[in-house]
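A.B. asks: sharing a model prediction with you, sequence too.
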Amino acid sequence: MFSIPGKQAVTLSPSAVSQIRRLMDSKGHKGLKLGVKKGGCAGMEYTMDYADEIDPLDEVVEQDGARVMIAPMAQMFLFGTEIDYEVSLLEAGFKFRNPNVADACGCGESIKFKDVEELAAEREG
């Protein structure tokens, strides 16, 4: 696992907390599972799904009654991310403000992360 003692891997905005709690309460899930996968025009995409179990290898973040679990492979890429939930006239959804992103596509659905060595150096310095 990739973590810094005393620091949560991700933070949730108040609107994200509210939406995650609403999803947990209405569906009876234990939380949301976050990950990353290859895909999209920039190379990687975020994944988000309901979680009915907590994998012992997941990083668990609990904030004000909302719970997200981060898949082991995604922990390094999501560390330091703020998750928000935004509603506009055309769409509503979770938004990731991730300091580990080097580039993103125009549609905002696909990202490219900094190199692993660069991420590790930033964490140590």
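C.D. replies: Yes, it's here.
A.B. asks: using the centroid of the protein, identify the residue furthest from it.
C.D. replies: Largest separation from the mean C-alpha position in the chain: Leu89, at 23.9 Å (CA atoms, centre = their mean).
A.B. asks: contact partners of stretch 52-65?
C.D. replies: With contacts defined as CB atoms under 8 Å, 6 or more residues apart in numbering, stretch 52-65 is touched by 1-3, 8-12, 14, 17, 21, 29-31, 33, 67-72, 75. C-beta coordinates here come from the backbone N, C-alpha and C atoms, glycine included.
A.B. asks: which parts of stretch 8-15 are buried?
C.D. replies: Using 16 or more other CB atoms under 10 Å as the test for burial, stretch 8-15 gives 8-13.
A.B. asks: next: stretch 46-63.
C.D. replies: 46, 51, 58-61, 63.
A.B. asks: now that stretch: mean pLDDT?
C.D. replies: In this model, stretch 46-63 has an average pLDDT of 92.
A.B. asks: what about the strands in this protein?
C.D. replies: Applying DSSP state E to the chain gives strands spanning 10-12, 31-38, 44-51, 59-63, 66-70, 81-87, 92-97, 101-104, 111-113.
A.B. asks: just say which of those is most tucked in.
C.D. replies: Mean neighbours per residue, mean count of other CB atoms under 10 Å, is largest over these for strand 66-70, with a mean of 23.
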